[in-house]
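Return a 3D structure for these sequence lines:
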Amino acid sequence: MAKFPVGSSADIGDTVPADYWQKLGTLLNSGGGSFYNVQNPDFGAVGNGVNDDTAEIQACIDASAIGDTIVFPPGTYMISSPIVLKPFRRYMGWGPAWADQTVIKVANGSSANFQSTSTHSGVLVTESWNTNATVPAGPVHIADLLLHGNRDNNATGQHSGLVLYGEYWSTIENLRTIGNKKHGVLLTRTAKNNVATITGISDLHFHNLHSNNNDGDGIRQLSSGAANNTDIVFSGRTLLYSNGGSACVADNPGGWMFDSIHFWDNGEHGVYFDSGSHAVKIHNLYGENFGAANVAAAQYFGVRLRILNDAVPPQISNATIQTTDPAGTASFVCYSFVGDGADTHVYTANVHALGANTSRGRGIVWFANTAATFGVHDANSSVTDFVAGQGKEYTGTGTHAFDPPRVLTGTAAWTPGAIGADAGVTTTVTVTGAALGDPCEPGYNQVLAAGLILSAQVTAANTVTVQIRNVTAGSITPTAGTVRATVWKH
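Numbering: from 1, shown residues only. Next up, the predicted model:
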């Protein structure tokens, strides 16, 4: 029933044997793997954007077995309650999802059926979430579907697009989630009764995910304690935009990897990783126009990583984020790295922040949150159009260690005047970020006569004292010029 056709033929030339299609069908159907079409007369889904296809789709899924593929031909399938996915199956539409070929859409006025004690439901939910299981049911493979929450006609709904309740090893490809009352994709430990919980979520692969125009976040994962929340991989093009919340929010993420992510016009943050980010890798990121909600006195982040004391520090490379600073009192930070442990580290390379040159925008902030050391490993980061002192900031109660050493400079005009025998004159140069104990070196843009010695020392925070000393037996008057102080932060 509803298996791949066996015995069909095609006029495609002598290069393919006459029994090619029969053998292919037999091969694909071997081992019990069958193809179930939701529009098969045995089930009867229509996909015309009008009929309620909920029962028909669910009947097709329930009739399938482990290893089967549930096929959604092109169309718009209206549903009035969540579709429950059974594990170890493939759910396949006709892609790409962003071409709106295969759409599963919540019907008008279905809010009451998309609620739960845990205040989250979904267009597609996994079986273990639906049954309040304390262990995941098993992985699913979803491809080429568009999940539409129809939020405009379901004002009290509590639905996300896709809800994964601890399913390990799932693969989601060419998926778009749009118009949901909650989030585009919800990764959760809490079942629909708000009581049953699983260990965590791990080993998921998203490829070409689009999540936009949802009332909540594009992607949301929040867990408590030491729950597993590891090895979530996003490849291809990840587009997260125009969501009322953030592009992506995760708590305690470990081994999360983004490659090629673009976010824009989200109400709150871009990528917000809280409470113990470790082994996180973000490559090829472009972010813009975050913080669109502009709540008074709120602070919004393009990327925020709160980092554990861990042997595998986060890495971010080839990234550009800009702030827009809309009218209001909110503040904006392109990149915020928070060191939360006794010996935390973060690696950045080719990272750029673009501001609007206002007091409410900051570029890159490294915040040492404890009295210990925060290791800053930074290569080729740059900032543009920020108020002086707010492009790069090294703050907090701890200290910062730099690899490679960070170079700070400052200059000042100087007219030393006459210097007597065995005497010296001094001036001070402001070098922002300099601290007692930092090595420094002076420079002077005029030639000094023989017998004059130039030296420098950090004598206070942000202050370098430069001295010219005369070690000859007579008075010398150096030419007026500009003195430069260079300080290294290790």
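
Centre of the chain to stretch 232-249, how far?
Offset of stretch 232-249 from its chain centre (C-alpha atoms, centre = their mean, to the nearest Å): 7 Å.

Endpoints of that stretch, how far apart?
One end of stretch 232-249 sits 13 Å from the other (C-alpha to C-alpha, to the nearest Å).

average model confidence for stretch 136-151?
The average pLDDT for stretch 136-151 rounds to 96.

nope, stretch 82-94 is what I meant
The average pLDDT within stretch 82-94 is 96.

Straight-line length of it, end to end?
End-to-end span of stretch 82-94 (C-alpha to C-alpha): 20 Å.

What residues sit buried inside that stretch?
Pro82, Ile83, Val84, Leu85, Lys86, Arg89, Arg90, Tyr91, Met92, Gly93, Trp94 (16 or more other C-beta atoms under 10 Å). Where you see a C-beta, it was placed from the backbone N, CA and C, and this is true even at glycine.

Which of those residues sits closest to Val50?
Val50 has its nearest neighbour among the buried residues of stretch 82-94 in Ile83, at 17.7 Å by C-beta to C-beta.

residues in contact with the closest one?
By C-beta atoms under 8 Å, 6 or more residues apart in numbering, the contact list for Ile83 reads Thr54, Ile57, Gln58, Ile61, Ile104, Val123, Leu124, Val125.

With Ala133 instead?
Going by C-beta under 8 Å, 6+ apart, Ala133 touches Glu127, Tyr165, Ala191, Ala196, Ile198.

One more: Asp53?
Going by C-beta under 8 Å, 6+ apart, Asp53 touches Val38, Ala45, Val46, Gly47, Tyr77, Met78, Ile79.

how far away is it from Lys192?
Going from Asp53 to Lys192 by C-beta to C-beta, to the nearest Å gives 22 Å.

Please apply the same query to Ala298.
Distance of Ala298 to Lys192, computed by C-beta to C-beta: 31 Å.

Looking at the two, which is more packed in?
Applying other C-beta atoms under 10 Å to Ala298 and Lys192 shows that Lys192 carries more neighbours, namely 24 against 14.

Please name the nearest non-neighbouring residue to that one.
Excluding the flanking residues, the one nearest Lys192 by C-beta to C-beta, 6 or more residues apart in numbering is Ser116, at 3.7 Å.

The one you found contacts Asn194, doesn't it?
Yes - assessed by C-beta atoms under 8 Å, Ser116 is found in contact with Asn194 at 7.4 Å.

Same drill for those two, tell me which one is more crowded.
Set Ser116 next to Asn194 and count neighbours by other C-beta under 10 Å: Ser116 wins out with 21 against 13.

Need the per-residue pLDDT for that one.
For Ser116, the pLDDT comes out at 94.

Let the chain start at 705 from now.
Okay, residue one is now 705; in that scheme the one you just asked about reads as Ser820.

still on that earlier bit, list the contacts of the residue nearest to Lys896.
Contacts for Ser820 (C-beta under 8 Å, 6+ apart) come out as Gln862, Lys896, Asn897, Asn898.

From what I see, the last one and Gln819 are in contact.
No - contact between Asn898 and Gln819 fails when scored by C-beta under 8 Å: they sit 11.5 Å apart.

Just the ones of the contacts of Ala837 in helices?
When DSSP state H defines the helices, the subset of those inside them is Glu831.

how about the contacts of Ala837 in a markdown table, adding pLDDT, distance to Thr1132 and neighbour count?
Shown next, in a markdown table, are those (pLDDT from 0 to 100; distance: C-beta to C-beta, whole Å; neighbours: other C-beta atoms under 10 Å):
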| residue | pLDDT | distance to Thr1132 | neighbour count |
| --- | --- | --- | --- |
| Glu831 | 96 | 70 | 18 |
| Tyr869 | 93 | 62 | 27 |
| Ala895 | 93 | 65 | 26 |
| Ala900 | 87 | 66 | 18 |
| Ile902 | 86 | 61 | 23 |
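
Among the contacts of Ala837, find me the one that's closest to Gly949.
Distances from Gly949 to the contacts of Ala837, taken by C-beta to C-beta, are shortest for Tyr869, at 20.2 Å.

helix or strand for the residue lying closest to that closest one once chain neighbours are set aside, which one?
Once flanking residues are discounted, Tyr869 sits nearest to Trp833: 3.4 Å by C-beta to C-beta, 6+ apart. Assigned by DSSP states H and E, Trp833 falls within helix 831-834.

Could you measure from the residue nearest to Lys896 over to Thr1132?
Ser820 is 65 Å from Thr1132, by C-beta to C-beta.

returning to what we had before: go ahead and confirm the residue nearest to Tyr869 touches Val867.
Yes - counting by C-beta under 8 Å, Trp833 touches Val867, with 5.7 Å between them.

Mutual contacts of the two, please.
Common neighbours of Trp833 and Val867 (C-beta under 8 Å, 6+ apart) are Gly826, Thr892.

What's the mean pLDDT across stretch 966-983?
For stretch 966-983, the per-residue pLDDT averages 93.

Identify each of the strands in the stretch 1005-1154 of the chain and give its residue range.
Remark: strands assigned in the stretch 1005-1154 of the chain by DSSP state E, counting those that start in this stretch are 1019-1026, 1035-1043, 1047-1058, 1065-1072, 1077-1083, 1086-1088, 1096-1100, 1103-1106, 1110-1118, 1127-1134, 1144-1148.

Tell me which of the ones you listed lies nearest to Asp772.
Closest approach to Asp772 among those is made by strand 1019-1026 (39.7 Å; C-beta to C-beta).

Show me which positions of that closest one end up buried.
Neighbour-count burial for strand 1019-1026 flags Gln1019, Ile1020, Ser1021, Asn1022, Ala1023, Thr1024, Ile1025, Gln1026 (criterion: 16+ other C-beta under 10 Å).

Output those in a markdown table; the columns should cover pLDDT and distance to Thr1183.
Converted to a markdown table, these look like this (pLDDT from 0 to 100; distance: C-beta to C-beta, whole Å):
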| residue | pLDDT | distance to Thr1183 |
| --- | --- | --- |
| Gln1019 | 96 | 49 |
| Ile1020 | 97 | 47 |
| Ser1021 | 97 | 47 |
| Asn1022 | 98 | 47 |
| Ala1023 | 98 | 46 |
| Thr1024 | 98 | 45 |
| Ile1025 | 97 | 46 |
| Gln1026 | 93 | 45 |
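
need the residues you listed in TSV with distance to Asn1166, can you?
Converted to TSV, the buried residues of strand 1019-1026 look like this (distance: C-beta to C-beta, whole Å):
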residue	distance to Asn1166
Gln1019	31
Ile1020	28
Ser1021	31
Asn1022	32
Ala1023	29
Thr1024	30
Ile1025	28
Gln1026	29
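
Farthest-apart pair in the residues you listed, please.
Using C-beta to C-beta, the pair of those lying farthest apart is Gln1019 and Gln1026, separated by 21.3 Å.

Just to check, Thr1033 is in contact with Tyr1004?
No - Thr1033 lies out of contact with Tyr1004 (C-beta under 8 Å); the separation is 11.9 Å.

Out of the contacts of Ser820, flag the one nearest to Ile1068.
Nearest to Ile1068 among the contacts of Ser820 is Gln862, at 37.5 Å by C-beta to C-beta.

residues near that closest one, how many?
Residues near Gln862, counting by other C-beta under 10 Å, number 18.

which stretches of the stretch 705-854 of the chain form helices?
Applying DSSP state H, counting those that start in this stretch to the stretch 705-854 of the chain gives helices spanning 724-733, 758-767, 831-834.

ok so, going back, could you export the contacts of Ser820 as a markdown table, including distance to Gly974 and pLDDT?
Putting the contacts of Ser820 into a markdown table (distance: C-beta to C-beta, whole Å; pLDDT from 0 to 100) gives the following:
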| residue | distance to Gly974 | pLDDT |
| --- | --- | --- |
| Gln862 | 25 | 97 |
| Lys896 | 30 | 94 |
| Asn897 | 33 | 95 |
| Asn898 | 29 | 92 |
